[in-house]
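Quick one: sequence and predicted model below, then my questions.
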Amino acid sequence: MHELSLCQSIIDILETEAGKQHFARVRKVRLLVGPLAGVDRAALSFGFDAVSRDTIAEGAELEFVDTPGLAWCFACERTVEIAHYYDPCPGCSGHRLKVTGGEEFRVLDLEVE
């Protein structure tokens, strides 16, 4: 379960930022997550609850902000939306696509006190 290591990385980011920005508690963490990021949200939420115990983020809410999966279709010569790797182009059903978005996984912002 790589989500547990992702959770630990999030906690590390929060603690680093708390030192820089002088906050004592994190109430909410908003994560930008694309459909192609390979992240299981349920596992991430479960792991975050476990990893955040006894940290500045204990009890913090995780909020997921979706970003679309995007790819450039070489046949249509336009950007199209896809939900999974290897999906065909919704316009021409072709498979000559280059992923251009949707792999994001990052901390977007925090609600702190």
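Looks like it came in fine.

And the average pLDDT for stretch 30-50 is what?
For stretch 30-50, mean pLDDT is 96.

In contact with residue 112, which residues?
Applying CB atoms under 8 Å, 6 or more residues apart in numbering, we find residue 112 in contact with 18, 21, 23-27. Bear in mind the C-beta positions are built from the backbone N, C-alpha and C, glycine included.

from those, which ones fall inside helices?
18, 21 (DSSP state H).

Out of the contacts of residue 112, which comes closest to residue 37?
Distance to residue 37 across the contacts of residue 112 (CB to CB) is lowest for residue 26, with 21.5 Å.

Can you spell out which helices and strands pack onto the helix or strand harbouring residue 16?
Per DSSP states H and E, residue 16 falls inside helix 3-21. In terms of contacts (3 or more CB pairs under 8 Å, 6 or more residues apart in numbering; DSSP states H and E), helix 3-21 is packed against strand 26-33, helix 41-51, strand 105-112.

For residue 61, find the nearest of these.
Nearest to residue 61, of all the helices and strands packed on helix 3-21, is strand 26-33, at 4.6 Å by CB to CB.

Return the distance of the closest one from the chain's centre.
Here strand 26-33 is found 9 Å from its chain centre; the criterion is CA atoms, centre = their mean, to the nearest Å.

Note down every partner strand of it and its orientation.
Using DSSP bridges, the strands paired with strand 26-33 are strand 61-66 (parallel), strand 105-112 (antiparallel).

Export those as a markdown table, with columns for mean pLDDT.
Formatted as a markdown table, the strands paired with strand 26-33 follow (pLDDT from 0 to 100):
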| stretch | mean pLDDT |
| --- | --- |
| strand 61-66 | 96 |
| strand 105-112 | 96 |
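
Save those as a markdown table, and put in distance to residue 3 too.
Below are these laid out as a markdown table (distance: least, CB to CB, whole Å):
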| stretch | distance to residue 3 |
| --- | --- |
| strand 61-66 | 11 |
| strand 105-112 | 10 |
